[in-house]
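Chemist: Predicted structure and sequence below. I'll ask about it afterward.
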Amino acid sequence: MSPASLERPLTLALSKGRIFDETMPLLAAAGIQVPENPETSRKLILPTSSPNLQLIIVRATDVPTYVQYGAADFGIAGKDVLVEHAAEHPGGLYQPIDLNIARCRLCVAVPVGFDYEAAVRQGSRLRIATKYVRAAREHFARKGVYVDIIKLYGSMELAPLVGLADAIVDLVSTGSTLKANKLVAVEDIAEISSRLIVNQASLKTRASALQPLIDAFARASSQDE
Ligand SMILES: Nc1ncnc2c1ncn2[C@@H]1O[C@H](COP(=O)(O)OP(=O)(O)OP(=O)(O)O)[C@@H](O)[C@H]1O
Ligand SMILES: O=P(O)(O)OC[C@H]1O[C@H](OP(=O)(O)OP(=O)(O)O)[C@H](O)[C@@H]1O
């Protein structure tokens, strides 16, 4: 840990959008307010009402990287993101709490009318479009289904509609995106929620500042259940 990172306030890495929005009540429960909104501010470092805590706003998939390298002391990321990150960068992240926010399911989905079960029974090779390459590969390997995985970075629902893939692996919450694109979920792979992740060195060197916040997050997230 560099001297600079010991002098700065504790740094929490967050993505804007649903994780930021759903984290605000947890911070409020710890008595902390964030005066600026990342949807309207162009600032990437946001102060909070606590002089001991600042936020950095990064892409959801980059949160584990900032925390692993110690550029943030802790962060909040979906289990989907953490599974993919761990595949490429094992170790270095401590995951003390399931915050129970940004809840959804990782699913296999196909066009309405596509007989997925029959395709699996017949041993067909399936083309799967997904952002979640690692989770998808493991799921189909466990089932013994041969797949070609096509990596996409978003709008997965489009892939089967234009002949890029037979099926997708994507997150589903209300189901309205699948419905709007005439797709249907045929298999659940995992329950997803967001976790607090902590840099291992920060946990040792900044425990007295960090632990009360971790405890406050734990209390606030268990009250939500
Ligand atoms: N529809 C949803 N309902 C609830 N939680 C969701 C939903 N979609 C995604 N999530 C969770 O919220 C996290 C952040 O999602 P968000 O849409 O803000 O970022 P993203 O677009 O997936 O990431 P990036 O900007 O890096 O591509 C996801 O990693 C996932 O854990
Ligand atoms: O079941 P639903 O409630 O419709 O939610 C599912 C959608 O939510 C996520 O997309 P998101 O809203 O994050 O859009 P983006 O990934 O394109 O930013 C996910 O990739 C699905 O497309």
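Modeler: Arrived safely. Numbering: from 1, shown residues only. Ligands and ions are numbered 1, 2, ... in the order given.
Chemist: now what about stretch 64-72, what contacts it?
Modeler: 1-2, 5, 11-13, 56, 58, 63, 73-75, 77, 81-82, 85, 89, 92-93, 197-199, 201-202 (CB atoms under 8 Å, 6 or more residues apart in numbering). No exception for glycine: its C-beta is placed from N, CA and C like everyone else's.
Chemist: before we move on, what about stretch 175-194?
Modeler: 19, 22, 76-80, 83, 98-112, 116-117, 135-136, 139, 157-158, 160-161, 167-169, 171-172.
Chemist: Could you do stretch 13-29 as well?
Modeler: Stretch 13-29 is touched from outside by 33-34, 38-39, 48, 55-60, 62-63, 66-67, 71-72, 74-78, 99, 101-102, 194, 216-217, 219-221, 223, with contacts defined as CB under 8 Å, 6+ apart.
Chemist: who does the residue nearest to the spatial centre of the chain bridge with?
Modeler: The centre of the chain sits closest to G78, judged by CA atoms, centre = their mean, with a distance of 2.1 Å. For G78, the beta-bridge partners under DSSP bridges are S194.
Chemist: what's near enough to touch it?
Modeler: With CB under 8 Å, 6+ apart as the criterion, the residues that contact G78 are I19, A60, A102, I192, S193, S194, R195.
Chemist: swap the cut-off to 6 Å and go again
Modeler: Taking CB atoms under 6 Å, 6 or more residues apart in numbering, we find G78 in contact with A102, I192, S194.
Chemist: neighbours of the nearest residue to C104 once chain neighbours are set aside, just the number please.
Modeler: Residue nearest to C104 in three dimensions, not counting chain neighbours: S173, with 4.2 Å by CB to CB, 6 or more residues apart in numbering. The number of residues packed near S173 is 12, by other CB atoms under 10 Å.
Chemist: Which of the contacts of stretch 13-29 are buried, as a PyMOL select command?
Modeler: Buried subset of the contacts of stretch 13-29, written as a PyMOL selection, criterion 16 or more other CB atoms under 10 Å:
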select buried, resi 34+38+48+55+56+57+58+60+62+63+66+67+72+74+75+76+77+78+99+101+102+194+216+217+220+221
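Chemist: mind showing which ranges of the protein have poor pLDDT?
Modeler: 1-6, 224-225 (pLDDT under 70).
Chemist: 80 instead, please
Modeler: In the predicted model of the chain, residues 1-7, 91-92, 96, 223-225 satisfy pLDDT under 80.
Chemist: Within range of ligand 1, give me the residues from this structure.
Modeler: Within the chain, the positions adjacent to ligand 1 are 15, 17-19, 59-61, 78, 80-81, 102-104, 171, 173, 192, 194 by CB under 6 Å from any ligand atom.
Chemist: can you rerun that using 5 Å?
Modeler: Proximity of the chain to ligand 1, by CB under 5 Å from any ligand atom, involves residues G17, R59, A60, T61, G78, D80, V81, A102, C104, L171, S173, I192.
Chemist: Which of the residues you listed fall within strands?
Modeler: Cross-referencing these against strands under DSSP state E gives G78, C104, L171, I192.
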